[in-house]
Every structure is written in structure tokens, then in C-alpha cells.
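Visitor: requesting a structural model of the entry that follows:
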Amino acid sequence: MSVALYFVVPGQPVGKGRPRASSQGAYVRMYTPAKTVTYEQAIARQATFAMNGMALLTTPISMRIVAFYGIPPSWPKHKQMLALNNALIPGKPDIDNVAKAVLDACHVVYVDDKQVTRLVIEKGYSYDPRIEVYIHERLK
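Guide: Numbering: from 1, shown residues only. Next up, the predicted model:
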């Protein structure tokens with residue numbers, strides 16, 4: 001049996017933030033920024049819901065991530081139409097950082113993100129900012 005999952009995380013896509021460091025006396029403590037932690041928790045919640053009680057996947061996986069960034073309402077109508085028609089490319093966050101956040105958050109779907117053998121990432125604009133995640137078992 002082949003497993004295919006699809007889920008949506010509403011809201012503006014967030015890239016994985018760089019680890020931060022703080023010193024406590026003679027010790028340095030590394031931590032993940034709160035914005036990244038919150039976003040990864042939102043992804044994990046949606047992925048858990050999509051799993052619907054299934055066991056973690058242990059097979060090779062193909063993943064497609066589509067990140068839709070919100071169109072600023074202050075943009076003139078012609079620029080909004082260009083964005084909707086993919087004539088404008090969203091800037092920050094970098095698409096690889098969005099992928100890292102999704103891959104790390106999907107620990108509720110698979111044992112290890114090294115199982116992902118195919119990764120397709122896209123980004124564009126929409127009036128409905130979100131990420132869409134498609135996960136498929138790779139068949140031999």
C-alpha cells in the first residue's frame with residue numbers, strides 16, 4: 001500500500017531561523033528563535049492531523065512544498081495581478097529555509113528527514129498565504 005498525505009498550514013510562510021546563542025556565566029546556550037519554534041509546531045499539528053493515527057513512515061519519501069506569500073494590500077492593482085500571474089517572485093524568507101522548517105517539523109510523519117529522496121519546492125503569491133505540503137511514499 002502506498003501512502004500519500006496532503007496538508008495546508010495557513011498563514012505567511014516562515015523560514016527556519018538561525019540558531020541563536022546567549023551566555024549564562026561561563027556557559028553558552030544555543031536556542032532556536034521563538035518564531036521558528038511556533039511555526040514548526042503549527043506544521044507538526046497539521047501533519048499529525050493528516051497522519052490520522054498512522055504509524056511513522058520508514059520508506060523513502062517524495063515531498064512537494066508550495067509556499068504562497070501574501071500580496072501586500074498596499075500594492076497597486078497592476079502589481080497585484082503581476083504577482084498572481086507569477087511575474088513577480090517573493091523575496092524573503094529564502095525558499096530553502098522554508099523547506100528546512102517543514103522538513104524538521106514533519107518528524108511526526110517520518111522517522112528521519114534523510115528518508116526524503118525527492119524534494120520539490122515552489123513559491124509564489126496569493127491572497128491566501130499558506131504552505132501546501134504533499135508527501136508520497138516512493139515506490140520502487
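
Visitor: element containing the nearest residue to I65 once chain neighbours are set aside, please.
Guide: Ranked by CB to CB, 6 or more residues apart in numbering and with sequence neighbours excluded, the top spatial neighbour of I65 is I121, at 4.9 Å. In this view, the C-beta of every residue, glycine as well, is placed from N, C-alpha and C. According to DSSP states H and E, I121 maps onto strand 116-126.

Visitor: who does that strand pair up with?
Guide: Partners of strand 116-126 in the sheet, by DSSP bridges, are strand 61-70 (parallel).

Visitor: now the partner strand: buried residues?
Guide: Of all the residues in strand 61-70, those buried under the rule 16 or more other CB atoms under 10 Å are I61, S62, M63, I65, V66, A67, F68, Y69, G70.

Visitor: same thing with stretch 96-116?
Guide: For stretch 96-116, the neighbour count (16+ other CB under 10 Å) marks 97-103, 105-106, 109-110, 113, 115-116 as buried.

Visitor: what residues does that stretch touch?
Guide: Contacts to stretch 96-116, defined as CB atoms under 8 Å, 6 or more residues apart in numbering, come from residues 5, 13-17, 36, 39-41, 43-44, 47-48, 50-51, 56-63, 65, 67, 119, 121, 123, 131, 133, 135.

Visitor: and the closest residue to S22 other than its chain neighbours, what does it touch?
Guide: Leaving aside its sequence neighbours, S22 sits nearest to R29 (CB to CB, 6+ apart; 5.3 Å). Neighbour list for R29: A21, S22, S23 [criterion: CB under 8 Å, 6+ apart].

Visitor: now, the contacts of stretch 96-116 that are in strands?
Guide: Judged by DSSP state E, those include L5, I61, S62, M63, I65, A67, L119, I121, K123, I131, V133, I135 as members of strands.
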